[in-house]
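Trainee: The following block contains a protein sequence and its predicted model.
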Amino acid sequence: MSKTIKKIGVLTSGGDSPGMNAAIRSVVRTCAFHNIGCVGIYRGYQGMIEGDFKEMGPRSVNNIVNKGGTILKSARSMDFKTPEGREKAHKNLVKAGIDALVVIGGDGSFTGALLFNSEYDFPVMGIPGTIDNDIYGTSYTLGYDTALNTVVEVIDKIRDTASSHNRLFLIEVMGRDAGHIALNAGIGAGAEEILIPEEDLGLDRLLDSLRKSKAAGKSSSIVVISEGDKIGKTVFELKDYVESNFPEYDVRVSVLGHMQRGGAPSCFDRVLASRLGVKAVESLLEGESNYMVGILADKIVLTPLEQAIKGDSEIDTELLRVSDIMSI
Ligand code: ADP
């Protein structure tokens, strides 16, 4: 029988993503709703080691549901990867009377949480926060929907200039290991071709596709490329390659970068964050631990952290077919 939880600590860790604030707000207010204490832990695991804590009540999270980033700040902590670091963190939690943790972050943060639990039998619950959407056990991670909307909005603007000048734009979006952003934003923004890490479409296929789109009378083209696509060339090398094959094309590169992580969270991300926060706290209160709270088929579900870390979040290959049909 697990001991009664009277105070929950919440932290954001790893890469930040829009919707993390809405999730913090949800955790804090769900704790207040159930009459238990809540402590904000600043700068992820590093703040846990340094005892950078602040008691939080429902009014500490006013006016943040609409804010990007994370009011608790995020950090990458090398110290937490050492047994000494985790021991210090545990001592600080005990001293502050914290008896369970909600960790908002990606699979690295979940790995740390699981290890911490195995060493100190400390209850932990994960909430997936990353724009990459690359976590097993949830159809959506916090920030992904916002990032898609940001990318689509920017590509719409780029299309205006592309079509005015008969240009070919190569647009690099985030996603080192996962092509979710490229694939979905690419379809949403009407890209002619999409290159993602999961599929090696090859250079020939890219040239073929550009040839076809030219023959079909298209005067400008948008190609969306995931950071980690498998063609193996940087987006700038790709530009040189395309230009050497199509001297008539004026090829431009746009690397969208960190703007994809910022901005006000979309309504979808705010609602998702609110639902995940409630479930995370209530699951801890029910004695559950070592799970990630996610959404599958519009239901909030728990997936063992171990599976969430190890499992692959597969892309829907049907989307590639849809993209092909759309770019006829
Ligand atoms: P993300 O959570 O976005 O995947 P990281 O991979 O940077 O981001 O992980 C965030 C933090 O989680 C790290 O800085 C570290 O403190 C902790 N962490 C990651 N992997 C481990 C590990 N194997 N052992 C202990 N802590 C870890």
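Mentor: The structure has been received and is ready for your questions. Residues are numbered from 1 along each chain as shown.
Trainee: And the ligand, is stretch 10-25 touching that?
Mentor: Yes - counting by C-beta under 6 Å from any ligand atom, the ligand has neighbours in stretch 10-25: 13-15. Where C-beta positions appear, they are placed from N, C-alpha and C, glycine not excepted.
Trainee: For that stretch, give the mean pLDDT please.
Mentor: Averaged across stretch 10-25, pLDDT comes to 97.
Trainee: Start and end of it, how far apart?
Mentor: End-to-end distance for stretch 10-25: 10 Å, by C-alpha to C-alpha, to the nearest Å.
Trainee: Including secondary structure and neighbour count, could the residues of stretch 10-25 next to the ligand go into JSON lines?
Mentor: Formatted as JSON lines, the residues of stretch 10-25 next to the ligand follow (DSSP: H, G, I helix; E, B strand; the rest coil; neighbours: other C-beta atoms under 10 Å):
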{"residue": "Ser13", "secondary structure": "coil", "neighbour count": "32"}
{"residue": "Gly14", "secondary structure": "coil", "neighbour count": "22"}
{"residue": "Gly15", "secondary structure": "coil", "neighbour count": "20"}
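Trainee: ok, so of these, who is nearest Asn149?
Mentor: Gly15 (18.1 Å; C-beta to C-beta).
Trainee: ranges for the helices of the stretch 201-328 of the chain?
Mentor: Shown for the stretch 201-328 of the chain, the helices assigned by DSSP state H, counting those that start in this stretch span residues 202-215, 235-245, 267-285, 305-310, 318-326.
Trainee: which other residues reach the second one?
Mentor: Just to be clear, that refers to helix 235-245. Residues from elsewhere that reach helix 235-245 (C-beta atoms under 8 Å, 6 or more residues apart in numbering): 168, 170, 172, 203, 206-207, 210, 225, 231, 233, 249, 251-253, 255.
Trainee: Restricting to C-alpha, output stretch 313-328 in CSV.
Mentor: Taking C-alpha atoms only, stretch 313-328 is exported to CSV below (Å, rounded to 0.1, in the frame of the first residue of the first chain):
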residue,chain,number,x,y,z
SER,A,313,6.4,6.7,-32.2
GLU,A,314,5.7,5.6,-35.8
ILE,A,315,4.7,8.0,-38.5
ASP,A,316,1.6,7.3,-40.4
THR,A,317,2.9,6.3,-43.9
GLU,A,318,-0.6,6.9,-45.3
LEU,A,319,0.2,10.6,-44.9
LEU,A,320,3.1,10.2,-47.4
ARG,A,321,0.6,8.8,-49.9
VAL,A,322,-1.8,11.7,-49.2
SER,A,323,1.1,14.1,-49.8
ASP,A,324,2.0,12.5,-53.1
ILE,A,325,-1.6,12.7,-54.3
MET,A,326,-1.9,16.3,-53.2
SER,A,327,1.2,17.3,-55.1
ILE,A,328,0.1,15.9,-58.4
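Trainee: what pLDDT does the residue in the stretch 101-250 of the chain that the ligand sits nearest to get?
Mentor: As assessed by C-beta to the nearest ligand atom, the ligand sits closest to Gly108 within the stretch 101-250 of the chain, at 1.9 Å. Looking at Gly108, its pLDDT stands at 95.
Trainee: Next, the contact list for it, please.
Mentor: 13-14, 76 are the contacts of Gly108 under C-beta under 8 Å, 6+ apart.
Trainee: Quick check: bridge partners of Ile300?
Mentor: Ile295 (DSSP bridges).
Trainee: That one and Gln46, how far apart?
Mentor: 29 Å (C-beta to C-beta, to the nearest Å).
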